[in-house]
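Trainee: what shape does this take:
(2 chains)
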Protein chains: 2
Amino acid sequence: MQSPHARRLVSLLSRLPGVGEKTAQRYLLFLLTAERQLADDLGRELTVLRDRLVPCEKCGNVAEVSDVGASLCDICADNKRDSRLLCVVARVHDLMAIERAGSMRGRYFVLGKLLSPLEGVGPEDLPIEKLVTRVREDGVEEIIVATPPSVEGEATALLVKRELGPTGVAISRIASGVPHGGDLEFADPITMGRALQGRQRL
Amino acid sequence: MQSPHARRLVSLLSRLPGVGEKTAQRYLLFLLTAERQLADDLGRELTVLRDRLVPCEKCGNVAEVSDVGASLCDICADNKRDSRLLCVVARVHDLMAIERAGSMRGRYFVLGKLLSPLEGVGPEDLPIEKLVTRVREDGVEEIIVATPPSVEGEATALLVKRELGPTGVAISRIASGVPHGGDLEFADPITMGRALQGRQRL
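Mentor: Model prediction:
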């Protein structure tokens, strides 16, 4: 595509996660041929995105900008949620996955990143202090660390345990094992080891 | 996601080709967390898309809106192209694929759709008249029909042959056969049949 406007749009679209130049071109042609109105609508919504949606001031989840006072997400604003139970996650995506399961009655805290010395992310880059303040102010009694069962996720869980342990709060970690519907035959050795180690009495 | 703004944006994004709700949510979270500037840039470009890029008046390819006179694409505006050779394609995507190959020295004509009685697309829905005019006005001597080798693509090629035949222009069809690097073992029977039928003397 020769047109500078088209080239610029393709290069912007291809910065979306998982979108390469070909997919970006496909999106552009779709917007140009099949759905010209969609481009306008999408453009308008994206332009105001920054003014409308912000990270929740309390937990880091997606929140609408409030006209009055703090911008809280629906979960932090919901009085029916148990504020004594706090689920610590790495990303908003993870929070949403847990919400979809529908069995979390507490609130959340989004770390934003995981401890990863290889990528230069140290303990000082995580909002641990904010987490400690949150635990104190909200009277949190239990923290469930729901970081992924990866090296970074486990390291981050241990960091939370080390930093929050002295506050006296109970800290637990989500279970790791063979997934529901999963075949034992295809479980990798680490998953299988965790499934055995994390066994529960029947 | 509870926020109406977020929900609206996810529903708009999921109208892009191949994008479902989960991917749309992923795009939104990326725009919200990793790349807040990208949302602004993308929004601005999309808002002006309709005013800047239009189908080329001559061939249907993507063209920038011109301040003076007709909006022609780069290929139609390029004097070095041979206007006696015209390649008829179904979509702009196909035109781009042919351009990437770099061996087409003529110009193009984008039909926009293929003949498809099942989907209610009849001969009257195709810009055949415009094609006839183009052939006359530009003094086209050969038409290469590069519609896909599918039922709809073949039917459209036959329609072009029927309608343009009387003008005396030479009409050819792109070759169909086993693709370069393809394994004969995995070629489907129709492809293999075409490869045999379209054999060329060595």
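
Trainee: isn't there a strand covering residue A:103?
Mentor: No - per DSSP: H, G, I helix; E, B strand; the rest coil, residue A:103 lies outside any strand segment and is coil.

Trainee: residue contacts, it?
Mentor: Shown in contact with residue A:103 (C-beta atoms under 8 Å, 6 or more residues apart in numbering or on different chains): no residues. From N, CA and C alone the C-beta is placed, and that goes for glycine too.

Trainee: how close does it get to chain B?
Mentor: Remark: distance between residue A:103 and chain B (C-beta to the nearest C-beta, to the nearest Å) = 18 Å.

Trainee: please apply the same query to residue A:104.
Mentor: 15 Å.

Trainee: let me see the backbone angles for that residue.
Mentor: Dihedral pair for residue A:104: phi -100, psi 120, per degrees, to the nearest 10.

Trainee: what angle sits between the longest helix along chain A and helix B:36-52?
Mentor: If you go by DSSP state H, chain A has its longest helix at helix A:36-52. For helix A:36-52 against helix B:36-52, the angle by axes from the mean of the first three to the mean of the last three C-alpha atoms, to 10 degrees is 150 degrees.

Trainee: hmm, residue A:5 is touching residue B:64, no?
Mentor: Yes - using C-beta atoms under 8 Å, residue A:5 is in contact with residue B:64, at 6.2 Å.

Trainee: circling back to that earlier point, off-centre distance for the longest helix of chain A?
Mentor: 24 Å (C-alpha atoms, centre = their mean, to the nearest Å).

Trainee: joint contacts of residue A:5 and residue B:64?
Mentor: Joint contacts of residue A:5 and residue B:64 (C-beta under 8 Å, 6+ apart) are B:52, B:53.

Trainee: now residue A:144, what's its secondary structure?
Mentor: Quick answer, by three-state DSSP: residue A:144 is strand.

Trainee: chain A: strands as residue ranges?
Mentor: Assigned by DSSP state E, the strands in chain A fall at A:53-55, A:62-64, A:82-89, A:106-110, A:142-145, A:170-173.

Trainee: partner strands of the second one and their direction?
Mentor: Meaning strand A:62-64. strand A:53-55 (antiparallel) (DSSP bridges).

Trainee: so which bits of stretch A:107-124 are buried?
Mentor: A:107, A:108, A:109, A:110, A:111, A:114, A:115, A:116, A:121 (16 or more other C-beta atoms under 10 Å in any protein chain shown).

Trainee: same check, this time on stretch A:186-198
Mentor: Quick answer for stretch A:186-198 (16+ other C-beta under 10 Å): A:187, A:191, A:194, A:195.
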